[in-house]
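**Student:** Pasting a predicted model and its sequence here:
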Amino acid sequence: MIIYRNRPNLTIGFHGCDESVRNQLVNNPNFVKSSQETYDWLGNGFYLWENNYERAFQWAKDKQERKTLTTPSVVGVVYLLDNCLDLTDATFINLLPDYYELLKEDLKISGKTLPQNKDLPKDQYHDLILRELDCAVIEYLHQKIEEKITKDTVKHGFSPLTPFDTIRGIFTEGGPVYEGAGIQSKNHIQVCIRNLNCIKGFFIPREETPFP
């Protein structure tokens, strides 16, 4: 329902990065770099893990092993989801097939190939780490919203669609936590912030102290 569309509450998330990036975001929070990679899982924007420090730190450590950062670190983020393309909500999930079909048709007309999601080499769990198809569909959706070209907006409860501030999705990856498990070792909720005004501040996470 439209009246429950926005997510107005402040939320805490964590962004894995190099220590220098963490310090820069804390000391100069007006300079935020959005990711523009073609394989971004939720399209272009600033990425964080919803209330998941450990997963953010593990991601940074993985980047260190691949020699793409020097000192793994985590910065805390206080943010609003606001007008969110929430892919845990059927209302928003049901938008994607329409835009996938529109994208496929546009690419066919122009003689281009539809992108595909891909595994990384040696990925035994087939986690489809390179989400080029998903990224393309989500970016195409936003492109059409900006062009005010929407399809069946009344059917989806939007009249008309407005640009989404954030995107949120649940992801399962990493293989089962034990034999036969349905729970995977790297399950997480990821958030992509397109409208950087949704970020209210950055902080250096503190360590827990004994209480009482």
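**Tutor:** All right, it came through fine. No experiment lies behind these values; they were computed from the predicted model shown.
**Student:** What ranges in this structure fall below the confidence cut-off?
**Tutor:** 1-3, 123, 149-160 (pLDDT under 70).
**Student:** If we use 90, what do you get?
**Tutor:** 1-8, 91, 119-129, 145-163, 173-174, 208, 212 (pLDDT under 90).
**Student:** Next SSE downstream of the lengthiest strand in the chain?
**Tutor:** Scanning the chain for the strand with the most residues, using DSSP state E, yields strand 72-86. Later in the chain than strand 72-86, the nearest helix or strand by DSSP states H and E is helix 90-93.
**Student:** next helix or strand past that following helix?
**Tutor:** Per DSSP H and E, the helix or strand that comes after helix 90-93 is helix 96-110.
**Student:** And for that following helix, what's in contact with it?
**Tutor:** 87, 113-114, 136-138, 140-141, 144, 151-152 (Cβ atoms under 8 Å, 6 or more residues apart in numbering). Bear in mind the C-beta positions are built from the backbone N, C-alpha and C, glycine included.
**Student:** mind listing what's buried in the longest strand of the chain?
**Tutor:** Across strand 72-86, burial judged by 16 or more other Cβ atoms under 10 Å covers 72-77, 79-86.
**Student:** Can you list the helices and strands that that strand packs against?
**Tutor:** strand 6-18, helix 19-27, helix 53-65, helix 90-93, strand 166-171, strand 188-193, strand 199-203 (3 or more Cβ pairs under 8 Å, 6 or more residues apart in numbering; DSSP states H and E).
**Student:** make it 7 Å
**Tutor:** Applying 3 or more Cβ pairs under 7 Å, 6 or more residues apart in numbering; DSSP states H and E, one finds that strand 72-86 contacts strand 6-18, helix 19-27, helix 53-65, strand 166-171, strand 199-203.
**Student:** ok now the second one, how far from the chain's centre?
**Tutor:** Average the C-alpha atoms of helix 19-27, do the same for its chain, and the two points are 21 Å apart (Cα atoms, centre = their mean, to the nearest Å).
**Student:** and what of stretch 13-24?
**Tutor:** That offset, for stretch 13-24, works out to 16 Å (Cα atoms, centre = their mean).
**Student:** Now do the buried residues in that stretch.
**Tutor:** 13-18, 21-22, 24.
**Student:** And what about Val32, helix, strand or coil?
**Tutor:** At Val32 the chain is in coil, as set by DSSP: H, G, I helix; E, B strand; the rest coil.
**Student:** no wait, Glu179
**Tutor:** Assignment for Glu179 (three-state DSSP): coil.
**Student:** Count the residues that sit near it.
**Tutor:** By other Cβ atoms under 10 Å, the residues close to Glu179 number 5.
**Student:** how near is it to Ile93?
**Tutor:** Per Cβ to Cβ, to the nearest Å, Glu179 is found 31 Å from Ile93.
**Student:** In CSV, list the C-alpha atoms belonging to stretch 48-66.
**Tutor:** Extracted C-alpha coordinates of stretch 48-66, given in CSV (Å, rounded to 0.1, in the frame of the first residue of the first chain):
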residue,chain,number,x,y,z
LEU,A,48,26.7,-0.8,3.2
TRP,A,49,25.7,-3.9,5.2
GLU,A,50,22.6,-3.4,7.3
ASN,A,51,23.7,-3.6,11.0
ASN,A,52,26.4,-6.1,10.2
TYR,A,53,29.9,-5.0,11.2
GLU,A,54,31.4,-8.5,10.9
ARG,A,55,30.3,-8.9,7.3
ALA,A,56,31.6,-5.5,6.4
PHE,A,57,35.0,-6.2,8.0
GLN,A,58,35.2,-9.6,6.3
TRP,A,59,34.5,-7.9,2.9
ALA,A,60,37.4,-5.5,3.6
LYS,A,61,39.7,-8.3,4.5
ASP,A,62,38.8,-10.2,1.3
LYS,A,63,39.7,-7.0,-0.6
GLN,A,64,43.1,-6.9,1.2
GLU,A,65,43.8,-10.5,0.1
ARG,A,66,43.1,-9.5,-3.4
